[in-house]
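**Student:** Give me the fold of what follows.
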Amino acid sequence: MADTSDIRTPAQIEADIKRRREVLAETLDELGMRVHPKTIVGDAKARVASSVDHTLGRAYVGVNRAVSGVKAQFVDEEGAPRLERVVPAALVVVGVVGLLVLGGSRRRGR
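**Tutor:** Model (predicted):
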């Protein structure tokens, strides 16, 4: 006696073929979108933007770390200035600015 559960009707076969065609059409549409020039350009732009964002983020962290390090040299844990470091640094800055001003005025006087 033959097992009739494996026998499909023509309607079932046609429905299966229709369903497979729909899946194939969706797959082809998706592949078409992936290889479309606008999609490729958009993906490339997204990768570049992501890379730039990542680089800028790393730069921001680096600058923030450097600024925090410099700040820690001139400010104590409570936020008060460390005068033993601020005063000499301020004197150096005033001296350099003074030299630049004197050097500029000498050139103009010639």
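**Student:** Tell me the secondary structure of Arg8, please.
**Tutor:** Remark: Arg8 carries the secondary structure label coil [criterion: DSSP: H, G, I helix; E, B strand; the rest coil].
**Student:** How many residues are close by it?
**Tutor:** 11 (other C-beta atoms under 10 Å). Placement of C-beta: from N, CA and C, glycine included.
**Student:** One more: Arg82?
**Tutor:** With neighbours defined by other C-beta under 10 Å, the count for Arg82 comes to 13.
**Student:** Which residue ranges make up each domain of this structure?
**Tutor:** For the chain, the domain assignment from automatic domain parsing gives the residue ranges 11-74, 81-110.
**Student:** which of these has the lowest average pLDDT?
**Tutor:** With a mean of 85, domain 81-110 has the lowest mean pLDDT of the domains of the chain.
**Student:** Pull out the buried residues from that domain.
**Tutor:** Of the residues in domain 81-110, none has enough neighbours to count as buried (16 or more other C-beta atoms under 10 Å).
**Student:** that older thread, okay, the domains of the chain in CSV with distance to Ser5 next?
**Tutor:** Below are the domains of the chain laid out as CSV (distance: least, C-beta to C-beta, whole Å):
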stretch, distance to Ser5
domain 11-74, 12
domain 81-110, 88
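**Student:** and the longest helix for this protein?
**Tutor:** Once the chain is assigned using DSSP state H, the helix that runs over the most residues is helix 37-74.
**Student:** What is the next helix or strand after that one packed up against?
**Tutor:** Sequence-wise, the next helix or strand downstream of helix 37-74 (DSSP states H and E) is helix 83-109. Where contact means 3 or more C-beta pairs under 8 Å, 6 or more residues apart in numbering; DSSP states H and E, helix 83-109 is packed against helix 37-74.
**Student:** how far out from the middle of the chain is the helix it packs on?
**Tutor:** 5 Å (C-alpha atoms, centre = their mean, to the nearest Å).
**Student:** Alright, calling it a day.
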